[in-house]
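# Build me a model:
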Amino acid sequence: MKKYLLIGASAFVLGAGTMAYVGQTATAASPERVKTYRMLELFGDVLNTVERQYVTDVDDTKLIEAAIDGMLNSLDPHSGYLNPESFDDMRDQTRGEYGGLGIEVTSEDGVVKVISPMDGTPAFEAGIKAGDYITAVNGESVLGLSVNDAVKQMRGKPGEAVTLTIAREKSDPFDVKIVREVIKPKIVSAKMEGEYGYLRIASFNEKTTDEAEAALSDLRAKNPNMKGLVLDLRNNPGGLLDQAVGVSDLFLDGGEIVSQRGRDPRDVERYNARPGDIAAGLPMVVIINNGSASAAEIVAGALQDRKRAEIVGLTSFGKGSVQTVIPLRGGMDGALKLTTARYYTPSGRSIQRTGIDPDLEVAQSRDEAQHIANRAFQFSEASFRNALNADEGKERVGPHEPAEAPPESFDSEKGDFQLVRARDVLRYGSVAATPKLPKPAAKLAGVVAPKANVAVAPKPAQK
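Down below sits the predicted model:
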C-alpha cells in the first residue's frame, strides 16, 4: 500500500433475497450490527427496484461503483473508490508520465475544481488557474459527476483537442481549447537568481527526491559561491508521502520531519531525517501559496519548525490528512483511497484546514491582496463542506489585509514579487531583519445591511 497526500470496495452484489437471509440470521448480533444489516437490505431493495422500474436499462456495475464512491466521498473530500482503470491511471501519474492535460482536480459540492495546473503542461500553458471550476468538457456538463468520471472525459489520445468550460471568480464563463499531450511534467528545475540558488518542485512523484538532489548538486557544483537557496513550492498539489520525507531529509541533519496519527491515539508513526544536509547549512527560504498542498506543506512545515528555513508567500492549502491506497484483489477490483491519519509537523501542529502560515506574508499582486481582503480568494481545504476538522480546533485565518503586496510601480505580469521578497530575506539574513514594505491599501469587505421599510409590490397572479 502507498500513502498519498492529495488536490473501491470488495466486489459484491446484494439482492433483496440475500439481504433478507442476512437479516434472519443476525438475531444474535449487536443492535448496531442489526441496523447495519437492515441498511444493507435497504440498499439491495433500492438496487432491485431501480433495475426493474427505471425508465431505461441500467448498468449494475456502474450503479454499485457510484454507490461505493458516494459512500466514501461522504467521509471527506479525499476518500474515494478507484475502479481498475482509475487505479491504473493513478499509478501512471505517480510514476511521472501519462496522457492528459496536466491538471490536479478535486470535487466540491458536485463541481470539479482545479487544485493547480502542473508546470509545463498544456493546462499550465493555457492559463488554467488554481480555484477555477470546470463546468463542461466539449460542451457536455460535468456538474454532479465524480472526479474520476470527469477526468475520464478530459483524457484521450495525445494530439486531440478538448474544450473546457471554465468558471472563474469575477469572470463570465469562458471556453479554453487545450490539446492533449503525453504528460511528462517537469517536476524539478533549478537555476541561479543572482547570488542565490532557486529550486522549483512542482509535485511529488516517485522521482522527485532523486531529481531534486541531482539538480541541486549540479547547481552547487557550477556555482560554488552560492549564498543561499530559495525552494519554490507554490501551486504544488502534493503527491507521495515518502517523497515529501525524502525532500525534507535533503536539508535536515537528523531529527523529526513529520508524524502521522490515526484513529487510535497510540497509533503514531514518525519519520526522521538522516544525518547530512545537501545544502551544507546554506540559508534557505521556502515560497508557498494557497495552491501548496499536502506533501508540499509537510516540507514547508518541517523546514519551518526545525528553523532550517523561513517561509515567504501566502497561507498554504491546509490539507493535513493522509490517504492510504488499498488495492482490492491485487488491483483487479480497483482500490480504496481512504483517509487513515492526520499528519503533524515536528512541533506537533496539525495544519488540517488551517495551513502553514508564512513568516512573511506577501501577495503576488495587488489584485491578489484585494482578493484576500474581501475573501473572494478563499480556495482551500477549509472551503470543502465535509473536510476534516482541525485537530486542535484552530481556525484558518479569515479576511485580512496581507502584510505586503507589490508597489504600484512593480510590473506583476513580468516580475515575480514573492521571489523578489524571498531573495530580500536571504540578503538581509532573516525575516525579522528584512525592511518591511508599507501595507497594501486593500479594503476589507463590509457587510451591507438590508434597507428598512421598503415596500415590495405583490406579484401578479399567474394566468
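
# Next, please give the residue ranges for the helices of the protein.
According to DSSP state H, the chain carries its helices in the segments 16-24, 31-53, 60-73, 84-95, 122-125, 147-154, 208-222, 241-251, 295-305, 366-374, 417-428.

# Please identify which of these is closest to Phe174.
helix 122-125 (14.6 Å; Cβ to Cβ). Just so you know, the C-beta spots here come from the backbone N, C-alpha and C atoms, and that holds for glycine as well.

# same for the closest one, what does it pack against?
Using 3 or more Cβ pairs under 8 Å, 6 or more residues apart in numbering; DSSP states H and E as the contact test, the elements touching helix 122-125 are strand 174-179.

# which other helices and strands contact the strand it packs on?
On a contact count with 3+ Cβ pairs under 8 Å, 6+ apart, strand 174-179 meets helix 122-125, strand 161-167.

# so what strands line up beside it?
According to DSSP bridges, strand 174-179 forms sheet pairs with strand 161-167 (antiparallel).

# which outside residues touch the partner strand?
With contacts defined as Cβ atoms under 8 Å, 6 or more residues apart in numbering, strand 161-167 is touched by 101, 128, 132-139, 154, 156, 173-180.

# same thing with stretch 342-353?
When contacts are defined by Cβ under 8 Å, 6+ apart, stretch 342-353 is touched by residues 5, 241, 255-261, 297-298, 301-302, 304-306, 316, 318-322, 380-382, 387-392, 394-396.

# Please pick the buried ones from those residues.
Buried subset of these (neighbour count, 16 or more other Cβ atoms under 10 Å): 5, 241, 256-261, 297-298, 301-302, 304-306, 316, 318-322, 380-382, 387-388, 390-391, 396.

# Which members of those residues occur in strands, if any?
Among these, DSSP state E puts 5, 256-261, 321-322 in strands.

# and which of those is nearest to Ala214?
Of all these, the one sitting nearest Ala214 is Ile257; the distance, using Cβ to Cβ, is 20.6 Å.

# Next one: the closest one from Asn272, what distance?
Between Ile257 and Asn272 the computed distance is 6 Å (Cβ to Cβ, to the nearest Å).

# ditto for Asp424
To Asn272, Asp424 is 33 Å away according to Cβ to Cβ.

# Which one's more surrounded, those two?
With neighbours defined as other Cβ atoms under 10 Å, Asp424 and Asn272 compare such that Asp424 has more, 18 against 14.

# Just the pLDDT at Pro346, thanks.
With respect to pLDDT, Pro346 scores 97.

# Correction: the previous question concerned Arg52.
Per-residue confidence at Arg52 stands at 94 (pLDDT).

# Run a quick neighbour tally on Pro158.
13.

# How about Val111?
By other Cβ under 10 Å, neighbour count at Val111 equals 16.

# Quick check: the residue lying closest to it once chain neighbours are set aside vs Val142, distance?
Distances taken as Cβ to Cβ, 6 or more residues apart in numbering place Tyr133 nearest to Val111, at 5.3 Å, with adjacent residues excluded. According to Cβ to Cβ, Tyr133 stands 10 Å off from Val142.

# Please identify which of these two sits among more neighbours.
Using other Cβ under 10 Å, the more surrounded residue of Tyr133 and Val142 is Val142, with 24 against 19.

# In this structure that one contacts Ala136, no?
Yes. Look at Val142 against Ala136 with Cβ atoms under 8 Å: they come within range, at 6.1 Å.

# Against Leu252, how distant is the closest residue to Gly255 other than its chain neighbours?
Residue nearest to Gly255 in three dimensions, not counting chain neighbours: Ala273, with 5.7 Å by Cβ to Cβ, 6+ apart. Distance of Ala273 to Leu252, given as Cβ to Cβ: 4 Å.

# Now do the same contact list for Arg220.
Contacts for Arg220 (Cβ under 8 Å, 6+ apart) come out as 197, 226, 279.

# So which of these are in strands?
Gly197.

# Among the contacts of Arg220, which one has the most neighbours?
With neighbours defined as other Cβ under 10 Å, the most crowded of the contacts of Arg220 is Gly197; it has 25 neighbours.

# So in terms of bridging, what pairs with the residue nearest to it when sequence neighbours are not counted?
Nearest non-adjacent residue to Gly197, counting by Cβ to Cβ, 6+ apart: Leu229, 4.5 Å away. Here Leu229 sits in beta bridges with Gly197, Met284, going by DSSP bridges.

# gap between Leu229 and Ala161?
Using Cβ to Cβ, Leu229 is found at 40 Å from Ala161.

# Which one's more surrounded, those two?
Counted by other Cβ under 10 Å, Leu229 and Ala161 do not tie: Leu229 has more neighbours, with 25 against 11.

# Confirm for me that that one is in contact with Ile287.
No. Using Cβ under 8 Å, Leu229 makes no contact with Ile287, being 11.3 Å away.

# need the contact list for the residue nearest to Val268 when sequence neighbours are not counted.
Nearest in space to Val268, with sequence neighbours left out and distances taken as Cβ to Cβ, 6+ apart, is Arg261 at 5.1 Å. The contact partners of Arg261, by Cβ under 8 Å, 6+ apart, come to 267-269, 341-344.

# Pairing partners for Arg261 in the sheet, please.
When assigned by DSSP bridges, Arg261 has beta-bridge partners Val268, Arg342.

# And the pLDDT at it?
Arg261 is given a pLDDT of 92.

# cool, and Val447?
Looking at Val447, its pLDDT reads 39.

# Could you list everything the spatially closest residue to Ser203 that is not a sequence neighbour pairs with in the sheet?
Using Cβ to Cβ, 6+ apart and skipping the chain neighbours, the partner closest in space to Ser203 is Gly239 (5.0 Å). Per DSSP bridges, the residues bridged to Gly239 are Leu5, Phe204.

# Would you check that Gly239 makes contact with Ala295?
Yes. Taking Cβ under 8 Å as the definition, Gly239 is a contact partner of Ala295 at 5.0 Å.

# ok, these two, which is more surrounded?
The neighbour comparison of Gly239 against Ala295 (other Cβ under 10 Å) goes to Ala295, with 32 against 28.
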